[in-house]
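>>> heads up, no residue letters with this:
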């Protein structure tokens, strides 16, 4: 199976280890190139299909790299909603680490909700919540199902 027509990108700075490991297993099994992008080195299983791209330690450097280098054929994994919005605008498939597929239909609402939460936190109306709850077996299963669906779409479209 020639799946080199598309790549998987991981916004690796905040991606849970379980998600990175699961994505590595999918990429190995399907022989899909995988790009880890972060502002520091991220440990991962070394393989000729995998690449670690370390960006400058500046705000949005990794995000900007992904936006500039990902193609509409690719799949990006990120929990960063503003990054997801930029990618959706470029017609690039995006999922988060909990299995949510970001689309033209839902990205504006997700971005508005995120911005509202940040505004409420900044003015003290909402506690500063850095994480969106626990990450366990249920969340990993939701991610795995979404990853499998999105990869199958890519394989059908580009092979």
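Perfect, thanks for sending it. This is a predicted model, so every value here is computed, not measured.
>>> now the strands for the protein?
8-11, 34-38, 50-54, 75-77, 93-95, 101-102 (DSSP state E).
>>> quick one: strands adjacent to the fifth one?
Strand 93-95 pairs in its sheet with strand 75-77 (parallel), strand 101-102 (antiparallel), by DSSP bridges.
>>> how about the third one?
Next to strand 50-54 in the sheet, as set by DSSP bridges, lie strand 34-38 (parallel).
>>> just give me the residue closest to the centre of this protein.
residue 77 (1.4 Å; Cα atoms, centre = their mean).
>>> spatially nearest residue to it (excluding sequence neighbours)?
Nearest residue to residue 77, sequence neighbours excluded (Cβ to Cβ, 6 or more residues apart in numbering): residue 10, at 4.8 Å. C-betas here are computed from N, CA, C, even on glycine.
>>> now for the one you found, how many residues are close by?
Residue 10 has 26 neighbouring residues, counting by other Cβ atoms under 10 Å.
>>> for residue 141, see how far away it is.
19 Å (Cβ to Cβ, to the nearest Å).
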